[in-house]
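Engineer: Quick check, what structure comes out for this input:
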Amino acid sequence: MEANTKREAWNKGKLVGQKPPLKPKDIWAIRIHLQNAHAVRDLAMFNLAIDSKLRGCDLVNLRVRDIAHGNQILARAMVVQRKTQRPVQFELTEPTRVAVAAWIEKAMLKTEHYLFPSRLSDSPHVSTRQYARIVHQWVAAVGLDSTAYGTHTMRRTKATLIYKRTKNLRAVQLLLGHSKLESTVRYLGIEVDDALEISEQTEI
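Structural biologist: Below is the predicted model of the structure:
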């Protein structure tokens with residue numbers, strides 16, 4: 001009897017496949033929105049997500065000590081990825097360091113604290129599910145279709161921009177912490193993008 005019950009596909013009505021990266025104008029729109037809303041935590045989280053290129057599970061697990069020494073926010077940090085157990089380095093740009101420092105001060109976080117503590121008592125830090133909801137709020141706030149974007153959008157954004165500017169796949173592989181170059185090729189979807197770019201430049 002149970003075998004005959006039709007189960008609804010988990011992805012019914014949802015856009016599947018890779019989530020697109022944000023365009024530079026979208027990044028600035030979200031930053032300005034968060035600044036105007038005085039959303040100190042979200043601005044720090046957004047900037048750090050873009051710079052770090054970390055998976056959601058690694059971003060929410062960051063502690064203050066991972067990105068700061070005393071009162072000094074590091075220009076470069078390194079974390080061990082939970083999925084692969086491989087270390088990955090990332091840079092923190094000046095706007096990100098300023099935003100993160102403002103959040104640490106406002107939340108009165110100590111070195112051993114999680115950088116983004118949860119407001120729920122049963123969770124020590126923001127969950128990946130919560131983070132996904134926050135990302136949807138960011139993109140919806142600037143008029144983008146929130147169903148088209150997700151946490152991997154944040155991971156892919158800077159990596160895609162770096163690739164487009166440099167065409168240096170190896171550099172992007174290192175920044176994303178991929179063990180295989182093929183994974184980076186697939187992740188960026190560059191073969192399709194590059195083919196379309198060539199096609200657009202070819203007039204008939």
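Engineer: any idea which element the most centrally placed residue in the chain lies in?
Structural biologist: For the chain, residue 154 is the residue whose C-alpha lies nearest the centre (Cα atoms, centre = their mean; 2.7 Å). Assigned by DSSP states H and E, residue 154 belongs to helix 151-166.
Engineer: now residue 79
Structural biologist: strand 76-80.
Engineer: what does residue 59 give?
Structural biologist: With DSSP H and E as criterion, residue 59 is part of helix 56-60.
Engineer: Give me the buried positions along whichever helix or strand comes after that helix.
Structural biologist: With elements assigned by DSSP H and E, the helix or strand that comes after helix 56-60 is helix 64-67. Buried residues in helix 64-67, counted by 16 or more other Cβ atoms under 10 Å: 64, 66, 67. Quick note: C-beta positions are derived from backbone N, CA and C, even for glycine.
Engineer: mind listing what the spatially closest residue to residue 49 that is not a sequence neighbour touches?
Structural biologist: Of all residues not flanking residue 49 in the chain, residue 154 sits nearest, at 4.0 Å (Cβ to Cβ, 6 or more residues apart in numbering). Residue 154 makes contact with 22, 46, 49, 50, 56, 59, 135 under the criterion Cβ atoms under 8 Å, 6 or more residues apart in numbering.
Engineer: Apply 10 Å and report the result again.
Structural biologist: Contacts for residue 154 (Cβ atoms under 10 Å, 6 or more residues apart in numbering) come out as 19, 21-22, 45-46, 48-56, 59, 131, 135, 138.
Engineer: the strands in the chain, which residues?
Structural biologist: Taking DSSP state E as the criterion, the chain carries its strands at 68-69, 72-73, 76-80, 87-91.
Engineer: quick one: least confident helix or strand in this protein?
Structural biologist: Every helix and strand of the chain was ranked by mean pLDDT, DSSP states H and E. The lowest is helix 190-201, at a mean of 61.
Engineer: Break down the protein into its helices, ranges please.
Structural biologist: Using DSSP state H, the helices of the chain run over 24-36, 40-52, 56-60, 64-67, 94-107, 128-141, 151-166, 169-176, 181-188, 190-201.
Engineer: could I have the fourth one exported to CSV, CA atoms only?
Structural biologist: I take that to be helix 64-67. Backbone C-alpha positions of helix 64-67 (Å, rounded to 0.1, in the frame of the first residue of the first chain) are rendered in CSV as follows:
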residue,chain,number,x,y,z
VAL,A,64,35.9,35.5,17.0
ARG,A,65,39.4,34.0,17.4
ASP,A,66,39.3,32.7,13.8
ILE,A,67,39.3,36.1,12.3
